[in-house]
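1. predicted model, plus sequence, below.
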Amino acid sequence: MGFDLREVLNARRGENFQLYSRNINPQLVRVLRSIGFDRFYERGEGAYLYDRDGERYLDFLAGFGTFALGRAHPVLKKALHDAIDADLPNLVQMDAALLPGVLAEELLRRCHSGMGRVFFTNSGTEAVEAALKFVRSATRRSRVLDCDHAFHGLTYGSLSLNGGSDFRKGFGPLLPGFDQVRFGDAEALERALSSRDVAALVIEPIQGKGVNIATQAYWDSVQELCRRYGTLLVVDEVQTGLGRTGRLWAHEHYGLVPDVITVSKALSGGFVPVGAMICSERVANTVYSSMERAMVHSSTFKNNQLAMVAGLATLQTIDDEGLVDRARLTGLAFEKALAPLVDRYELLHEVRGKGLMIGLVFGRPESLRLRARFLALEAAHTGLFSQTIVVPLFERHRILTQVAGDGMNVVKILPPLICGQEEVDAFVAALDDVLEDAHRGSSLVWGFARTLARASVQRDR
Ligand SMILES: Cc1ncc(COP(=O)(O)O)c(C=O)c1O
């Protein structure tokens, strides 16, 4: 008797959608069923998921970037088993535990020399929330800027920084003092900063929603303007951090020296939620400014030992397996293999991104025959066409991808960093097949598109 995980899994096998719909979120289940994503996965290993029939799926969502090391990495598994077996003195609270200190040291060793303190969190959004409090405390200013199309999480502070109106709708009022500037527009940024009352600019080095990239000139201005007007630069690396873009930190591509860095997802090794807000000693000292204020920003689970172990094992594995450089090289292999598809298919306009954060940008075709179909879809819902790529990639080729954000024709892939040429070849062949069908006007793609469009029009009514 007693709890037996195997027993629960065997007894409830295949009930996932029914239970989820009844107890958690029926609308999500409707969405998954309508696009045919209603599988029952039983196992994950490396870059692949396996369903109840033993079918294999290439996972290019990677838990939104969490599975940088792939699933079930043996080093992570061993580290976590060891941690449990060691009966570590977890969460003593009135204590300064060892492992948070070691992980903080490892993170700081990987940042520029101006960084000196780490605050651990349970998620990306909590790292952003911490950053918001710290920058207000450090500057004694209240205004915070973010960019259009930004995504920093869905708790109230992060949501107030969010570029997507769909996420904000119905939840107002949000926090006061938050304004938005256009991503990539240095003049707009200067106008907003020149009043010298902005505590921080919070910005993703590559925007997740749309895989948007700004020019080097823009980033030079960002750095210079923030310094000139006394605004702290918060670089949100929750998705881009730890090798995803072919550098350990995506901000290194642009030579930025941020005042605050937020990180999460990949740091977990895909096992234990963890995030971190990294800042200078000076910024942290304004928050923890006296013994009375030693716990003024905190959270019960912040230094959770399993999370610390997952973080440490992940950082070491990234180093040991050379995953940052691997991501860079595999990213180049994707770029090379995808370029001919842009030339061959008029619906595919551009491939953009860095390393293994890649956006496939679709758009209006030239030929009249395709254009009419494309525009009919767009009239039903902007960005619907990209869903007609994601669905056959999954149905026919068992590759899991995502539309990069609402209202945009961008399909995003976030392959695990362990991927190599085999996965590049599989993906490019599958995309080639789906695009060929779409260009031939195959009913497999466009028939499904009509179904989606009808569902979308009904939903919007
Ligand atoms: C750049 C960025 N910041 C913050 C977050 C929020 O992280 P979490 O979902 O762990 O709260 C995300 C999540 O996708 C993100 O991409």
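-> Yes, it's here. Numbering: from 1, shown residues only.
2. dump the residue contacts of whatever residue of the chain ends up closest to the ligand.
-> The ligand sits closest to Gly124 of the chain, with a gap of 2.2 Å, by Cβ to the nearest ligand atom. Bear in mind the C-beta positions are built from the backbone N, C-alpha and C, glycine included. Contact analysis of Gly124 by Cβ atoms under 8 Å, 6 or more residues apart in numbering lists 152-153, 236, 238-239, 262, 264-265, 275.
3. which ones, among those residues, also lie beside the ligand?
-> Among the contacts of Gly124, the ones lying near the ligand by Cβ under 6 Å from any ligand atom are 152-153, 236, 238-239, 264.
4. now flag whichever of these is closest to Ile213.
-> Nearest to Ile213 out of these is Gln239 (Cβ to Cβ; 13.6 Å).
5. residues touching that closest one, list them.
-> 64-65, 124, 204, 208, 265, 357, 414.
6. who wins for most neighbours among these?
-> Counting neighbours by other Cβ atoms under 10 Å, the top entry in the contacts of Gln239 is Gly124, with 31 neighbours.
7. roughly how far does Glu281 sit from Ala130?
-> From Glu281 across to Ala130, the span is 16 Å (Cβ to Cβ, to the nearest Å).
8. same question, Leu431
-> 39 Å.
9. residues in the stretch 251-400 of the chain within reach of the ligand, list them.
-> Going by Cβ under 6 Å from any ligand atom, the residues of the stretch 251-400 of the chain near the ligand are Ser264.
10. let me see the ranges of the helices in the stretch 251-400 of the chain.
-> Ranges of helices in the stretch 251-400 of the chain, per DSSP state H, counting those that start in this stretch, are 281-287, 305-320, 323-344, 368-380, 384-395.
11. could I get the buried residue list for the third one?
-> Right, helix 323-344. Residues 323-324, 326-328, 330-331, 333-335, 337-338, 341 are the ones in helix 323-344 that count as buried (16 or more other Cβ atoms under 10 Å).
12. equivalent analysis for the fourth one, please.
-> By 16+ other Cβ under 10 Å, the buried positions in helix 368-380 come out as 370, 373-374, 377-378, 380.
13. pLDDT for these - can I get that in JSON lines?
-> As requested, the buried residues of helix 368-380 are exported to JSON lines (pLDDT from 0 to 100):
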{"residue": "Leu370", "pLDDT": "90"}
{"residue": "Arg373", "pLDDT": "87"}
{"residue": "Phe374", "pLDDT": "90"}
{"residue": "Leu377", "pLDDT": "86"}
{"residue": "Glu378", "pLDDT": "87"}
{"residue": "Ala380", "pLDDT": "84"}
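14. farthest pair in the contacts of Gln239?
-> Across the contacts of Gln239 (Cβ to Cβ), the longest gap, 15.1 Å, separates Gly124 and Met357.
15. tell me which of the contacts of Gln239 fall in strands.
-> Secondary structure assignment by DSSP state E places Met357 of those in strands.
16. can I get the contacts of Gln239 in a markdown table including pLDDT?
-> A markdown table is the format used below for these (pLDDT from 0 to 100):
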| residue | pLDDT |
| --- | --- |
| Phe64 | 96 |
| Gly65 | 96 |
| Gly124 | 98 |
| Glu204 | 98 |
| Gly208 | 97 |
| Lys265 | 98 |
| Met357 | 98 |
| Leu414 | 98 |
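17. closest one of the contacts of Gln239 to Pro26?
-> Phe64 (22.1 Å).
18. what about the closest one, distance to Ser264?
-> Distance of Phe64 to Ser264, computed by Cβ to Cβ: 10 Å.
19. quick check: mean pLDDT of stretch 106-117?
-> Mean pLDDT, computed over stretch 106-117, is 98.
20. all numbers from here: first residue = 676
-> Sure, I'll start numbering at 676, so the last one becomes stretch 781-792.
21. may I see the buried residues of that stretch?
-> 781-782, 785-786, 790-792.
22. for Leu923, which of the helices of the stretch 926-1075 of the chain is the nearest?
-> Proximity to Leu923 (Cβ to Cβ) singles out helix 998-1019 among the helices of the stretch 926-1075 of the chain, at 5.3 Å.
23. I'd like to know which elements that closest one is packed against.
-> Helix 998-1019 is packed against strand 1023-1029, strand 1032-1037, helix 1096-1115, with contacts defined by 3 or more Cβ pairs under 8 Å, 6 or more residues apart in numbering; DSSP states H and E.
24. packed most tightly, which of those would that be?
-> By mean neighbour count, with neighbours taken as mean count of other Cβ atoms under 10 Å, strand 1032-1037 ranks first of those at a mean of 24.
25. near the ligand, which residues of the stretch 726-875 of the chain show up?
-> So the stretch 726-875 of the chain meets the ligand at 739, 798-800, 803, 826-828 (Cβ under 6 Å from any ligand atom).
26. low-confidence ranges in the stretch 726-875 of the chain?
-> Across the stretch 726-875 of the chain, the ranges flagged by pLDDT under 70 are 838.
27. that one: helices as residue ranges?
-> So, for the stretch 726-875 of the chain - with DSSP H, counting those that start in this stretch - the helices run 737-740, 749-760, 773-784, 799-814, 831-835, 840-843, 861-868.
28. re earlier: what about Glu956 and Ala805, which has more around it?
-> Between Glu956 and Ala805, counted using other Cβ under 10 Å, Ala805 has the larger neighbour count: 26 against 10.
29. does the more buried one touch Ala959 like I think?
-> No - using Cβ atoms under 8 Å as the test, Ala805 is too far from Ala959 to be in contact (10.2 Å).
30. what do those two both touch?
-> Phe794.
31. tell me how far Ile710 lies from Leu1075.
-> 11 Å.
32. again with Phe692
-> From Phe692 over to Leu1075 the distance is 17 Å, taken as Cβ to Cβ.
33. look at those two and report which has more neighbours.
-> Set Phe692 next to Leu1075 and count neighbours by other Cβ under 10 Å: Leu1075 wins out with 20 against 17.
34. where does Ala1054 land on pLDDT?
-> With respect to pLDDT, Ala1054 has a value of 87.
35. with the one 10 residues further on instead?
-> Reading off the confidence values, Ile1064 has pLDDT 94.
36. quick one, domains of the protein?
-> Per automatic domain parsing, the domain ranges recorded for the chain read 710-744+998-1135, 749-995.
37. how far off centre is the first one?
-> Using Cα atoms, centre = their mean, to the nearest Å, the mean C-alpha position of domain 710-744+998-1135 is found 16 Å from that of the whole chain.
38. can you check the longest one too?
-> Its chain's C-alpha centre and that of domain 749-995 lie 13 Å apart, by Cα atoms, centre = their mean.
39. for Asp770, list the residues it contacts.
-> Shown in contact with Asp770 (Cβ under 8 Å, 6+ apart): Pro764.
40. now do 6 Å
-> By Cβ atoms under 6 Å, 6 or more residues apart in numbering, the contact set of Asp770 is empty.
41. now do Arg1073
-> Tyr732.
42. at 10 Å what do you get?
-> Under the criterion of Cβ atoms under 10 Å, 6 or more residues apart in numbering, the contact list for Arg1073 reads 714, 723-724, 726, 730-734, 1101, 1105.
43. likewise Ala941?
-> Taking Cβ under 10 Å, 6+ apart, one finds 737-738, 740-744, 912-919, 949, 986, 989-990, 993, 998, 1091-1092 in contact with Ala941.
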